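Undergrad: Attaching a predicted model along with its sequence, questions to come.
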Amino acid sequence: MARKVIHVAVNGVTGRMGYRQHLVRLLLAIREQGGVRLGDGTAQRPSWNYRAEEGGGIVLDMFPHWQYLLTDLFGPVTALYVRTATHIPRRWDSSGRPYQATADDAAYAVLEFAGGAFASVNSSWAVRVNRRELLEVQVDGTHGSAVAGLRSCAVQHRVSTPLPVWNPDLPDPIDYQAQWTDVPDNATFDNGFKVEWELFLKSAAEGQPFSWDLTEGAKGVQLADLALQSSAEGRRVDVPPLAV
């Protein structure tokens, strides 16, 4: 009896991108193009992504993005605990040849912020999508919550929050999704890369410092390095100010 191996398709991770973050375009491209097509119809990223010796791994790929995204939303990250994993150790390249995946394809993190907020951030190339969008972030506060993706945002005020009753013997009568309100679009957004270039060229023409310079990029690399350290040592790691 033939045994069919199901390769996991490229999927998103929790998060919300602003207009200047190029990851938005990356994830949209993955969603539209379906990743790299293999002979059996499955999809995954190019093989170097799954080889640590070639600079692959989801931590190096995603944590620099989480750094600027979450810092812009919630303030500086002061500490983190991360557990990485390689859930699919054997993959196939675009020519159909099997190889050993040596890089992490998932990372489970708890991040702490200077203002007292916490974030649970799951990044994975080994999970199927069951939500409205490829990438989403949920923010919960005392006055309400929001779930934002690349194209939509739904909110729920605390006065509209249902009061569920736990009863495993009966079906839950509450339609939780219906309790949320979609936020309407109030603007037409331009191409993200075009906006980024306009911001950069304007700063250069006016002789002004550019907000997202090499130092900001280094902070993302720092967070990725500390995430790998946390996983390797199995402990919570502080994020010190970056000395430049």
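TA: Great, that's in hand.

Undergrad: switch to C-alpha atoms for all contacts and neighbour counts from now on
TA: Fine.

Undergrad: Correct me if wrong, but Tyr81 is in a strand.
TA: Yes. Assessed by DSSP: H, G, I helix; E, B strand; the rest coil, Tyr81 belongs to a strand.

Undergrad: dump the residue contacts of the closest residue to Pro89 other than its chain neighbours.
TA: Closest residue to Pro89 apart from its sequence neighbours, by C-alpha to C-alpha, 6 or more residues apart in numbering: Ala101 at 4.8 Å. By C-alpha atoms under 8 Å, 6 or more residues apart in numbering, the contact set of Ala101 is Tyr50, Arg51, Ala52, Thr86, Ile88, Pro89, Arg90, Arg91.

Undergrad: report the longest helix in this structure, please.
TA: Longest helix in the chain, counting residues (DSSP state H): helix 214-233.

Undergrad: circling back: so what's the residue nearest to Pro89 scoring on pLDDT?
TA: According to the prediction, Ala101 has pLDDT 95.

Undergrad: And it, its phi and psi?
TA: Backbone torsions of Ala101, given as degrees, to the nearest 10, read phi -80, psi 120.

Undergrad: Check the one 5 residues further on too.
TA: Ala106 has phi and psi values of phi -150, psi 150 when expressed as degrees, to the nearest 10.

Undergrad: and what of Ser120?
TA: According to degrees, to the nearest 10, Ser120 has phi -100, psi 110.

Undergrad: Among the contacts of Ala101, which one sits closest to Ser120?
TA: Within the contacts of Ala101, the smallest distance to Ser120 is 19.2 Å, found for Thr86 (C-alpha to C-alpha).

Undergrad: Hmm, Gln100 and that closest one touching each other?
TA: No. Judged on C-alpha atoms under 8 Å, Thr86 makes no contact with Gln100 at a distance of 10.4 Å.

Undergrad: Compare neighbour counts for the two and give me the winner.
TA: Thr86 (19 against 13; other C-alpha atoms under 10 Å).

Undergrad: what sits against that one?
TA: Ala101, Thr102, Ala103, Asp104, Asp105, Ala106.

Undergrad: Need the three-state assignment for the third one.
TA: The three-state assignment at Ala103 reads coil, by three-state DSSP.

Undergrad: Neighbours of Asp93, how many?
TA: Counted with other C-alpha under 10 Å, Asp93 comes out at 17.

Undergrad: mind checking pLDDT for it?
TA: Asp93 is given a pLDDT of 84.

Undergrad: Point out where this protein drops to low pLDDT.
TA: The chain contains residues with pLDDT under 70 at 1-43.

Undergrad: Please repeat the previous calculation with a cut-off of 80.
TA: Flagging of the chain using pLDDT under 80 yields the residue ranges 1-44, 94, 244.

Undergrad: coming back round to it: return the entry from the contacts of Ala101 with the maximum number of neighbours.
TA: Counting by other C-alpha under 10 Å, top hit in these: Tyr50 with 27 neighbours.

Undergrad: Quick check: the gap between that one and Ala106.
TA: Separation of Tyr50 from Ala106 (C-alpha to C-alpha, to the nearest Å): 11 Å.
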